[in-house]
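> return atomic coordinates for the entry below.
(2 chains)
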Amino acid sequence: MKNIRNFCIIAHIDHGKSTLADRMLQVTATVSDRDMEAQLLDNMDLERERGITIKSHAIQMDYNYKGSPYILNLIDTPGHVDFSYEVSRSIAACEGALLIVDASQGIEAQTISNLYLAMEHDLEIIPVLNKIDLPGARPEEVKDEMVDLLGCNREDIIHASGKEGTGVPDILEAIVERISPPKGSEEEPLQAMIFDSVYNPFRGVEVIFRVFDGVINKGDKVKFVNTGKTYDADEIGILKLNQVPQKNIGAGNVGYLISGIKEAKEVKVGDTITHVNRPCTKTVTGFENVKPMVFAGIYPVDTTEYEELRTSMEKLQLNDASLVWEPETSAALGFGFRCGFLGMLHMEIVQERLEREFDMTVVTTVPSVQFRAFLTDDTMVTINAPSDMPDPSKIKYMEEPFIRAQIITKSDYIGPVISLCMEKRGEIKNQVFLTEVRVELTFEIPLAEIVFDFFDKLKTISKGYASLDYELIGYKESNLSKLDILLNAEKVDALSAIVHRDKAYEWGKKLCEKLKELIPRHMFEVPIQAAIGNKVIARETVRAMRKNVLAKCYGGDISRKRKLLEKQKKGKKRMRQVGNVEIPQEAFMAVLKMD
Amino acid sequence: MVSLYIHIPFCKKACHYCDFHFSTSLKHKDDMLAAIKKEIILRKDELGESLSSVYFGGGTPSLLSRNEISSLLSTVKDTFDLEHDIELTLEANPDDLTQEKVDELAQVGINRLSIGVQTTDDESLRQLNRAHDLATADAAIRRVRAAGFDNISLDLMFALPHQELSSVARDLDRFLHWQPEHISCYGLTIEKGTAFGNWYQKGMLEVPEEELAAQQFLYIMDRLAEADYEGYEISNFARAGYRSRHNSGYWRGVHYLGVGPSAHSYDGKSRSFNIANNTRYIRGIASGEPLREKEELSTIDQLNEYILLSLRRIEGLDLRELERRFGWRLNAYQKQRLSSWTADGLVKWNDELVYLTKAGRLVADSLIGELFVEEMPED
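Modelled structure (predicted):
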């Protein structure tokens, strides 16, 4: 056990985490040059394309340090706020962390919050200044920031370049020298923590765990404490580039377990594994049931594909336990599903995976958060969709979720960032200068305000020099109402939204304007109205079609014209009809494109 | 009953709106005419019946000399049987119709002229980059009449840049004064790759708004109806007995052969397209391997074309014929659309027939597209 080191990597998106990890795998010969491909750990296509890590990954390296063999377990963590719970569990599985900071970008909010998390778990932090080869690198300045933040010695910071491989041996040595070996005892009852799970269509769910105490042997009867389920450890092993089965995995080590679990949702990240016969007395602390933060409807574009969509969602859920859904019906969109996501990125990922992996074309409706309505009869209703909204006369008051947001930016952009947050109903709580030019701002903002385009806007106003991290802090009373959209006097349920009173007028106006662009002209005039209850607060009109005829139609024009009209008809087929108005799919996502 | 289209791909200058295939260089004219004659002979067997019409289109066929036209016509006569009352149309620009030219055309046997007048407003003609003005057009039409042409068609354009309704009214006054047997009437369509297309894209060209264009078209339909012209197809109007036989063929599914670059042919089951490039066309014909693409028309394609072309015609869509030829009966969607359009006054519809009203003609493309059939039950 004294020759095991467990560590994770804390880094902001694009700071070079995956490339540096790739180099470490090469230097320790965990991966042959032949098998090497960029971002090896990010094995979903989506991860490679977007350059981000969506799921945690673990890989074991063998490393010879001054003549002794060491086992280094690298636990790669997701790099987005949507997945912060997974990050916290990965951190809990380690004794140390590499803090990778881009030498030109400096420290970002996401990095800080994960760093604090690591420090809370008493992880040994090894600071690494990456991308020192880049022309824009300002190593001295960024090192100042790191020293300030960590209270470390300047000389402890390792210079590295993932691209060129510089500094990789120094990092490996530092891992052995600075990070303490795991504590724990193989004599104690088994206590292991699940920090990830991977769905394998042939073998079921592969559970990735870290053993704190005791030993797990092949064939043991084990129990997952929080779910209360018991399994046979059909296969256990360690994770190299491929899985390597073992007879046992002892305290301090990281491994995988296969026991024919069919659904990812049976396996909860953070859960404790112990023996059925000799259970541990305490579970691993910090376990949570992950709760969705953002809700939206997902509907098949082709209404006949509902069953197919259901099957696809079920399959997707096999390896994405954080996705929750239930059937939902919409007058405009037909049969679909109300889905809960960890955040907007998660929602995008689910949508993209449905399209790529299952070839489904879907419409996603206005994303929303979970509101609460307290009724006159003193009951409380949770609202995941505008259609859940009770009759306003029965509502005593409503509440919405708030977050605490940490934004790190250059001092030049303090003004615009504060204005943006105020515009989003935020309240500034704190302002700390990390260095002379970098400042950390803390706000409390309604979650509903940041689910749309907040991050994009933040990036724009700060010319990219702002990073965001947030955590949910609870519910607060709020003046909310349901805003409906009527097309030709018919309510379109899928376009309704729950919005703050102060924002309702602006929302209604912008949405009507956007819909006017998206709704094709009909043979009659189509009024677009935004209304709260019976009160219309905004209106636009799509004028009636007056002339649509291409005059000439001779020999060759006939084919051309037929094809043109066929295309027009195809476009129409993808539209949804409410009353006598045809609505294109994009209209249901118009909210996301309002500005 | 079949017809022949001959495409003459040359023009003196380019009109700013035109996207037909043409070249303003006459360098290869002789080679081109030789190639067209060779194509006529090569494709002799594609038309099994006698010709009821021949149409010289372009481009500008009126820039051919008497010998060139008569030589083309003799190849046609040597190759095909001609019906005794064959319609021989030639498209002509007013500026080409000199006394000499008019006499020549009469001598070689052209019996119908389609004259590209377009508008009678000199400013607009300049803007369109036409080579004539009102006076030239007027003189040409007088000469044509004097030479005995008793079947002429005039092209009329509307929705021109900056065109007001009053200007359309003046055009109609003059057109009706000439008493043509036939008028083809087109709204200006901005096509990619034309001068107008480029200017429009850059925001340098203003065309009448849809509402004004609609009013202009409605006005034209009314004026022509009052003057006893029958709108027998959306953009074509004729005095009794003077419908264009050739163009009617296109709309009624008559088989036709098109020769010359960019020309199309139709044999009932497929449509073929000659390459729209003069040198490559000539080279292809010379090598005995004409450059031609072919599009097979599925039953659904044929059915949709039938719907498209029928509804553009005054006779409308014959539902019994639809069933007899394609085994197709209106489905629930089509019926629902038709009822709603009937209520809106866009179509008239009974068990046997569907046809567009005047208001319906304005939005014909929207209506026709929606009636298209996408799937047919297998038998």
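> part of a strand, is A:V350?
No - according to DSSP: H, G, I helix; E, B strand; the rest coil, the state of A:V350 is helix, so it is not within a strand.
> surely it and A:F337 touch.
No - proximity of A:V350 to A:F337 does not meet the contact threshold set by Cβ atoms under 8 Å, at 10.6 Å. Heads up, the C-betas are built off the backbone N, CA and C, glycines and all.
> now do the shared contacts for the two.
Between them, A:V350 and A:F337 share these contacting residues under Cβ atoms under 8 Å, 6 or more residues apart in numbering or on different chains: A:I298.
> partner residues bridging the closest residue to A:S368 other than its chain neighbours?
Nearest residue to A:S368 in three dimensions, chain neighbours excluded: A:F295, at 5.2 Å (Cβ to Cβ, 6 or more residues apart in numbering or on different chains). Beta bridges link A:F295 to A:G340, A:S368 when assigned by DSSP bridges.
> report the central residue of the chain.
Just so you know, I chose chain A. Geometric centre of chain A, nearest residue: A:D82, 3.3 Å, by Cα atoms, centre = their mean.
> should've been chain B
Geometric middle of chain B (Cα atoms, centre = their mean) lands on B:N247, at 6.3 Å.
> which ones are touching it?
A:554, B:55, B:233, B:236.
> returning to that earlier point: am I right that the residue nearest to the centre of chain A is in contact with A:E348?
No - the pair A:D82 / A:E348 is not scored as a contact, 9.6 Å apart, by Cβ under 8 Å.
> helices or strands next to the helix or strand that contains A:G255 in the packing?
Element membership of A:G255, judged by DSSP states H and E, is strand A:254-258. Packing contacts for strand A:254-258, counted by 3 or more Cβ pairs under 8 Å, 6 or more residues apart in numbering or on different chains; DSSP states H and E, involve strand A:204-213, strand A:235-239.
> one more time with 10 Å, if that's ok
In terms of contacts (3 or more Cβ pairs under 10 Å, 6 or more residues apart in numbering or on different chains; DSSP states H and E), strand A:254-258 is packed against strand A:57-65, strand A:68-76, strand A:191-200, strand A:204-213, strand A:229-232, strand A:235-239, strand A:243-246, strand A:248-250.
> just to revisit the earlier point, in a markdown table, list the contacts of B:N247 along with pLDDT and neighbour count.
A markdown table is the format used below for the contacts of B:N247 (pLDDT from 0 to 100; neighbours: other Cβ atoms under 10 Å in any protein chain shown):
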| residue | pLDDT | neighbour count |
| --- | --- | --- |
| A:Y554 | 78 | 17 |
| B:Y55 | 97 | 27 |
| B:E233 | 95 | 22 |
| B:N236 | 96 | 26 |
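> okay, now residue 219: neighbour count?
Since no chain was named, I'll use chain A. 12 (other Cβ atoms under 10 Å in any protein chain shown).
> can you look at chain B instead?
So B:Y219, with other Cβ under 10 Å, has 15 neighbours.
> OK, contacts around it?
By Cβ atoms under 10 Å, 6 or more residues apart in numbering or on different chains, B:Y219 lies in contact with B:158, B:165, B:168-169, B:172.
> quick one on the thing from earlier: part of a helix, is the residue nearest to the centre of chain B?
Yes - remark: B:N247 belongs to a helix, assigned using three-state DSSP.
> if we compare the helices and strands packed on strand A:254-258, which one ends up closest to chain B?
Smallest distance to chain B across those (Cβ to the nearest Cβ): 37.8 Å, for strand A:191-200.
> give me the low-pLDDT residue ranges for the stretch 1-150 of chain A?
A:33-56, A:79-81 (pLDDT under 70).
> and the helices in it?
With DSSP state H, counting those that start in this stretch as the criterion, the stretch 1-150 of chain A has helices at A:17-27, A:45-50, A:84-92, A:109-120, A:139-150.
> repeat for the stretch 351-500 of chain A
Using DSSP H, counting those that start in this stretch, the helices found in the stretch 351-500 of chain A span residues A:414-423, A:447-450, A:454-461.
> my guess is A:K17 contacts A:I75. True?
No - contact between A:K17 and A:I75 fails when scored by Cβ atoms under 10 Å: they sit 12.0 Å apart.
> return the residues of the stretch 401-550 of chain A in contact with chain B.
With the criterion set to Cβ under 10 Å from any Cβ of the partner chain, the stretch 401-550 of chain A comes near chain B through A:520-524, A:543-550.
> can you select the buried ones from the residues you listed in ChimeraX?
Buried members of these, defined by 16 or more other Cβ atoms under 10 Å in any protein chain shown, are picked up in ChimeraX with:
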select /A:520,521,522,523,545,546,547,548,549,550
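> now the longest strand seen in chain A: how far from the chain's centre is it?
Longest strand in chain A, counting residues (DSSP state E): strand A:395-410. How far strand A:395-410 lies from its chain's middle: 18 Å, per Cα atoms, centre = their mean, to the nearest Å.
> just to revisit the earlier point, out of the helices and strands packed on strand A:254-258, the one nearest A:L447 is which?
Of all the helices and strands packed on strand A:254-258, it is strand A:191-200 that lies closest to A:L447, at 26.0 Å by Cβ to Cβ.
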